[in-house]
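Q: Predicted model, plus sequence, below.
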Amino acid sequence: MPQLDRVTRDPNVMGGKPCLRGMRVTVGTVVGLVAAGHTHAEILDAYPYLEEEDIRQALAYAAR
């Protein structure tokens, strides 16, 4: 089972929703973009502070 060290939860950030590396980007946002058909490259262009591993871990978290 992959380690999800980039998925964080903090009650002071986005109401405690799972986020990526403490930023105000939720796992749900990333998963929703992938589900809507956006490629990883498109997501990284829209959110330049994210990394490929952030997307992988968001998807793994949602799959759990």
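A: Cool, got the structure.

Q: Please, where are all the helices along this protein?
A: For the chain, the helices defined by DSSP state H occupy 27-35, 40-46, 52-63.

Q: tell me what the second one is packed against?
A: Other helices and strands packing on helix 40-46, by 3 or more Cβ pairs under 8 Å, 6 or more residues apart in numbering; DSSP states H and E, are helix 27-35, helix 52-63. For glycine as for every other residue, the C-beta is placed from the backbone atoms N, C-alpha and C.

Q: Could you dump those into CSV and include distance to R6 and mean pLDDT?
A: Formatted as CSV, these follow (distance: least, Cβ to Cβ, whole Å; pLDDT from 0 to 100):
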stretch, distance to R6, mean pLDDT
helix 27-35, 10, 98
helix 52-63, 5, 98
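
Q: Need those helices in JSON lines (columns: distance to T8 and mean neighbour count).
A: Converted to JSON lines, these look like this (distance: least, Cβ to Cβ, whole Å; neighbours: other Cβ atoms under 10 Å):
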{"stretch": "helix 27-35", "distance to T8": "10", "mean neighbour count": "18"}
{"stretch": "helix 52-63", "distance to T8": "10", "mean neighbour count": "17"}
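
Q: R21: which of those helices is closest?
A: Ranking these by proximity to R21 (Cβ to Cβ) places helix 52-63 first, at 6.8 Å.

Q: Dump that closest one to CSV, restricted to CA.
A: Output of helix 52-63 as CSV, limited to C-alpha atoms (Å, rounded to 0.1, in the frame of the first residue of the first chain):
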residue,chain,number,x,y,z
GLU,A,52,3.0,14.8,-10.5
GLU,A,53,3.3,12.8,-7.2
ASP,A,54,0.6,15.0,-5.7
ILE,A,55,-1.8,13.8,-8.3
ARG,A,56,-0.8,10.2,-7.9
GLN,A,57,-1.3,10.4,-4.1
ALA,A,58,-4.7,12.2,-4.4
LEU,A,59,-5.9,9.4,-6.7
ALA,A,60,-4.5,6.7,-4.3
TYR,A,61,-6.2,8.4,-1.3
ALA,A,62,-9.6,8.5,-3.1
ALA,A,63,-9.2,4.9,-4.1
